[in-house]
Each structure stands twice: as C-alpha cells, then as structure tokens.
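[1] next one to model:
(one chain, ligands or ions: 1)
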Amino acid sequence: MMIYCILGLILLLLIILIVKTAAFKSKRYAVPPYEDAGIDISKAAANLSGAVRFKTVSGIDPSKTDWNEFKGYVKYIEDTYPLINEKLKKETINGYSLLYRWEGKDKDKKPVLFTAHMDVVPADETHVKWTEPPFSGAVKDGFVWGRGTMDVKIQMIAAMEAVEHLLQKGFVPERDIYLSFGHDEEVGGREGALEIAKALELRGIKFEYVIDEGGGVIEGTMPGVSSPVAYIGIAEKGFANIKLTVQNEGGHSSMPPKHTAVGVLSKAVIDLENHQCGAKISKGFKDMMTFIGPEMKPLNRFIIANMWLFSPIIKMIFSSFPEGNAMLRTTTAATMMEGSKAPNVLPQSASAVVNFRIAPGETSHDLINHIKSVIKNDEIKVEPLLVEEPTFVSGTETYGFKAIEKAIYSIFPQAAAAPYIVLGGTDARKYQNVCASIYRFSPYQIKSEDLKRMHGTDERISLDNLKKSIVFFIKLITEG
Ligand SMILES: [Zn+2]
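    Alright, predicted model coming up:
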C-alpha cells in the first residue's frame, strides 16, 4: 500500500514538473523588421571616427587629464550636429558634461533620458600593438576602429545621429527627450553624471525611463542558449573596498611569535575566500531566468521552469563559472596586501583590501556583519574605504522596458531579450532620484570574444552595428 502512495506522489510531482515546463513559454514576439530609415552610414561612420580621434581619457587625478581634448570634443559635437545645436536646449554642466532637451508635443507625458559618457579609458600599446592606432578612428574593413568605439562613444554618437536625422525630417517627438553625456564615467561619474542628475532633480523632473550603456546583443554567453541574448540591465551590483588591519608587536624576525600580523591577516583573508556570501536567487536573477529559461535547451528549460524545486541545482550550476557566480552572490576579491617594509622586521601592522561586489537586495551593512562573523577576531579592524550600495531593481513590465524590448525585436529579430544584473558600474545609478525605471543596454551585436576589446586592444564597431544603434534610438523616439 505504502509503495503505491509513494509511486503516486512521484507521478504527481512529475506531472507538475512537466506541466510547469510546458507552460514555460518564450516571451519573444515578432515585430515588423526595421528599415534603415535612409541613414547615410558613411557619414555616420565618419562622425564616429571623428569622435574617436579626441583622446577624452579621464583620470583619477583631474590635474592629469588633458582637458583640451574634452573642449575639442564638445566643440566637435556642436559642429557635427548643427540642427541639434540650433533646435535643442543645450547646457554644459561642470565644464564639459552635456545636457540637451528636445521639447515634445505632449506635456502630460513624462520625458525620457538617453545617456552615455564621452570619456574613455587609456589605450596601452606597450605590450600589444593595435591593428589600427587606438585614436586614429580608422574606417576600414567595415569597422570603425579605436578606443571608445564600443565603450561607449557609439552610444552617444548613435543617439545624436538619430536626433539630427529626425530633426532634418521636421519630426517633433511626443514627449520631451533629454540627452545627457557625462565626462568622467570611467573614474566614477561624480563630476559628470552625478552633477547632471542633481541639476535635473532640483528641477523636479521625473523620467519615464532612462537608458544608458549596458548589455549588448551577445552570442555564446548563456549556457544552454543557442540564440544571441539582448541583455537589458535592470540593476547594478554595489561595490565595497574593505580594509582589514591587524596590529601587533613588532620586533626582530629572529624571535618571532607563532603568527605575525601577516599570518593573522592571511588567515582572515583565506577565511573570507572560503566562506563566501551566500548564493541567492534574487528578484533580478529570477526576472532574468523568466526570460532566458524558455530559450534554453530542453533539460535546462526543465530545471529553470521548476526553480521552486531545483534552486539548489541552479545555484550549483551558476556558481561554477565566474559570471554566473557573480550574478548569484556578493563576490569577494582580495586585491591588496601589505606587511612589514623589510624582510627581517616583524610587521607592527599588516593590512589587506578586499573588494566586494554587493548583490542587489543586500546592503553594505549586511556585508560588514558577514565579514565580522567569518573572521571572528575582534582584533582585526574592519574599515570600509569606498562603498556604493547596489541599485534598485527596475521592472520588466514598465513602459520603458517594453519600448526597449520592442526596438530590440525589430532590429535584432534573432535575439532573445532578457533582463540582467550589471556586474560592473555605470553612470545610470546616478539617476536613481529622477527615475524609477532605469535600463542599461547598448544596441549592438557582438560575439562573447569581442567583449575583451572593451578596455582592451583593437576596440572596434562594425558599420552595420552603428546603423542598428542609430535605428534603435530612432525607434525609441518615434514610437514613444
Ligand atoms: Zn562605458
């Protein structure tokens, strides 16, 4: 009798699992394919190429930044887009950052904001030579080459091209369109985007949505998914540099104690590595899986469709590769360490810095508690140096998300759009006081191996991608 009960329960469970899998349907839908809207792509490529030629490299130390490059860049933008200059209200914020307002017809509709940054990281050629010099802006073999082509002058230039193109046609948008371009994203965005956001907040402006750089359309990054995925960032992880310091009596290294300050500190660091913060299926992760799960091959789909039962397996699978692991938890990376200044002197003090990336839904307060409970040593000083809390998680049912999703399906019909959690940081987080729906998406399609070109060698963008990026913004403007 008992055995039949158990068999019956197993059968019931199987039926539930299968029904759930069958109901786990793709969220993709068809949209009429895009037309290129008569864009002059060689002119757009020349404009991007010109933008790349300005070495707008931001530095941690502003006194070392070549501000003439920024001045030249801002002037170049003004000259390259005469209609924007004439018809939009333009402000320069904090010297170099730009804010434009394009007035729409309907004052009852909330405005939208397209943002990007004009600064780039340096291009180092000491070890590896670039195929084309990094600030040449060479247009060759169907690509514009150079630092900033992917990260992220393309996003700024594409938005500007889209607006200039529509102005030429006499188009007036339904709602106000704002464009903002910060000048120091690569070093934290506190002088650029933060100041722009503060100015907007003072005016009481609330945006329907904000779109900034973020995930692209990328092939070969999600296990079990064969189609490219268009990653729309709905949240950013937080950031915390935590300094651990151990103080000890110094002295001569010929008569050492069993553990020096370096030894005590090392144990704490190893303990933190061995006791990582817990993996959590957060709201953002669940949202992502709801979109990507149905695109997976059958076994993966079966597991994701039944997350309620298989969450331990999902955590195991995702924890097994660095990107997946970073999506699930607050990560721990010990990056700096310092002890005595001489080989034969016992350290009076030893310190380490551990860089944590805090998962959305958690706080730096939770993190400090975690650290203290793991190292279990009151003599180790735990000191936050730089902390940025994670952002809020934007919705996937909002006007903004749907507008972006629709534009993606029109321009990249083979891709599956999906929300995701941004593992690094962008300027987008600065706009949290002026908008509740913030998305991070870069409208171009690349392969996973192209990702290393960003901040790396041979950064480049294809003309086809440039055209698609421009059309993407045209769609967002004309269909909103
Ligand atoms: Zn960037």
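[2] worst mean pLDDT across the helices and strands of this structure, which element?
    strand 251-252 (a mean of 83; mean pLDDT, DSSP states H and E).
[3] residues in contact with the helix or strand that it is followed by?
    With elements assigned by DSSP states H and E, the helix or strand that comes after strand 251-252 is helix 261-274. Under the contact criterion Cβ atoms under 8 Å, 6 or more residues apart in numbering, helix 261-274 has outside partners 244-248, 259, 332, 334, 337, 339-340, 346-352, 354, 371, 374-375, 377, 379-380. (Glycine included, C-beta is placed from N, CA and C.)
[4] now helix 261-274 - C-alpha only, PDB.
    Presented in PDB, the C-alpha positions along helix 261-274 are these (Å, rounded to 0.1, in the frame of the first residue of the first chain):
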ATOM      1  CA  ALA A 261      50.400  40.200  11.900                       C
ATOM      2  CA  VAL A 262      50.800  39.000   8.300                       C
ATOM      3  CA  GLY A 263      49.900  35.500   9.400                       C
ATOM      4  CA  VAL A 264      46.800  36.600  11.300                       C
ATOM      5  CA  LEU A 265      45.700  38.700   8.400                       C
ATOM      6  CA  SER A 266      46.300  35.900   5.900                       C
ATOM      7  CA  LYS A 267      44.000  33.600   7.800                       C
ATOM      8  CA  ALA A 268      41.300  36.200   7.800                       C
ATOM      9  CA  VAL A 269      41.600  36.700   4.000                       C
ATOM     10  CA  ILE A 270      41.600  32.900   3.400                       C
ATOM     11  CA  ASP A 271      38.500  32.500   5.700                       C
ATOM     12  CA  LEU A 272      36.700  35.200   3.700                       C
ATOM     13  CA  GLU A 273      37.500  33.400   0.500                       C
ATOM     14  CA  ASN A 274      36.400  30.000   1.900                       C
END
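[5] how far off centre is it?
    The chain centroid and the centroid of helix 261-274 are separated by 31 Å, computed with Cα atoms, centre = their mean, to the nearest Å.
[6] so where do the helices sit in the stretch 251-400 of the chain?
    Along the stretch 251-400 of the chain, counting by DSSP state H, counting those that start in this stretch, helices occupy 261-274, 283-292, 298-305, 307-319, 322-328, 364-375, 399-411.
[7] so which of the ones you listed gets nearest Met156?
    helix 399-411 (17.5 Å; Cβ to Cβ).
[8] endpoints of stretch 430-442, how far apart?
    18 Å (Cα to Cα, to the nearest Å).
[9] nearest to Val210, out of the helices of the stretch 251-400 of the chain?
    helix 399-411 (7.7 Å).
[10] and the angle for the closest one with helix 283-292?
    30 degrees (axes from the mean of the first three to the mean of the last three Cα atoms, to 10 degrees).
[11] what is helix 399-411 packed up against?
    If contacts are counted by 3 or more Cβ pairs under 8 Å, 6 or more residues apart in numbering; DSSP states H and E, helix 399-411 sits against strand 209-219, strand 229-236, strand 416-422, strand 438-447, helix 463-478.
[12] okay if I get those as JSON lines plus mean neighbour count and mean pLDDT?
    Output for the helices and strands packed on helix 399-411, formatted as JSON lines (neighbours: other Cβ atoms under 10 Å; pLDDT from 0 to 100):
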{"stretch": "strand 209-219", "mean neighbour count": "24", "mean pLDDT": "96"}
{"stretch": "strand 229-236", "mean neighbour count": "27", "mean pLDDT": "98"}
{"stretch": "strand 416-422", "mean neighbour count": "26", "mean pLDDT": "97"}
{"stretch": "strand 438-447", "mean neighbour count": "24", "mean pLDDT": "97"}
{"stretch": "helix 463-478", "mean neighbour count": "22", "mean pLDDT": "97"}
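[13] residues from the stretch 201-350 of the chain in reach of the ion?
    Proximity of the stretch 201-350 of the chain to the ion, by Cβ under 5 Å from the ion, involves residues Glu213.
[14] now do the contacts for the residue of the stretch 201-350 of the chain found nearest the ion.
    Scanning the stretch 201-350 of the chain for the residue nearest the ion gives Glu213, at 4.9 Å (criterion: Cβ to the ion). Going by Cβ under 8 Å, 6+ apart, Glu213 touches Ala116, His117, Asp151, Val152, Gln155, Thr426, Asp427, Ala428, Arg440, Phe441, Ser442.
[15] ok, which pair from these is furthest apart?
    It's His117 and Phe441 that sit farthest apart of the contacts of Glu213, by Cβ to Cβ, at 14.8 Å.
[16] got the helices and strands packed on helix 399-411 as TSV, with distance to Ser319 columns?
    Below are the helices and strands packed on helix 399-411 laid out as TSV (distance: least, Cβ to Cβ, whole Å):
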stretch	distance to Ser319
strand 209-219	21
strand 229-236	19
strand 416-422	15
strand 438-447	24
helix 463-478	33
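[17] can you say which of these is nearest to Val163?
    It's helix 463-478; of the helices and strands packed on helix 399-411, that one is closest to Val163 (Cβ to Cβ) at 7.2 Å.
[18] the closest one to strand 438-447, inter-axis angle?
    Going by the same axes, to 10 degrees, helix 463-478 makes 150 degrees with strand 438-447.
[19] who does helix 463-478 touch, helix- and strand-wise?
    Helix 463-478 makes packing contacts with helix 41-52, strand 112-117, strand 143-145, helix 153-168, helix 399-411, strand 438-447 when contacts are defined by 3+ Cβ pairs under 8 Å, 6+ apart.
[20] correct me, but Lys381 touches Ile242?
    No. Between Lys381 and Ile242 there is no contact under Cβ atoms under 8 Å: 10.3 Å.
[21] neighbour count for those two, which is higher?
    Taking neighbours as other Cβ atoms under 10 Å, Lys381 and Ile242 compare with Ile242 leading, 22 against 12.
[22] could I get the helices of the stretch 251-400 of the chain in TSV, plus columns for mean pLDDT?
    Formatted as TSV, the helices of the stretch 251-400 of the chain follow (pLDDT from 0 to 100):
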stretch	mean pLDDT
helix 261-274	96
helix 283-292	95
helix 298-305	95
helix 307-319	93
helix 322-328	93
helix 364-375	97
helix 399-411	97
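[23] pipe those helices into a markdown table and attach mean neighbour count per row.
    Converted to a markdown table, the helices of the stretch 251-400 of the chain look like this (neighbours: other Cβ atoms under 10 Å):
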| stretch | mean neighbour count |
| --- | --- |
| helix 261-274 | 18 |
| helix 283-292 | 21 |
| helix 298-305 | 18 |
| helix 307-319 | 16 |
| helix 322-328 | 17 |
| helix 364-375 | 16 |
| helix 399-411 | 21 |
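[24] between those helices, which one is nearest to Asn47?
    Across these, closest to Asn47 is helix 399-411 (Cβ to Cβ), at 19.9 Å.
[25] can you dump the C-alpha atoms of that closest one in CSV for me?
    What follows is helix 399-411, C-alpha atoms only, in CSV (Å, rounded to 0.1, in the frame of the first residue of the first chain):
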residue,chain,number,x,y,z
TYR,A,399,6.7,51.3,-20.5
GLY,A,400,10.5,51.8,-20.8
PHE,A,401,11.4,48.1,-20.7
LYS,A,402,8.7,47.3,-23.2
ALA,A,403,9.8,50.1,-25.6
ILE,A,404,13.4,48.8,-25.4
GLU,A,405,12.3,45.2,-25.9
LYS,A,406,10.2,46.1,-28.9
ALA,A,407,13.0,48.0,-30.5
ILE,A,408,15.3,45.0,-29.9
TYR,A,409,12.9,42.6,-31.6
SER,A,410,12.6,44.9,-34.6
ILE,A,411,16.4,45.3,-35.1
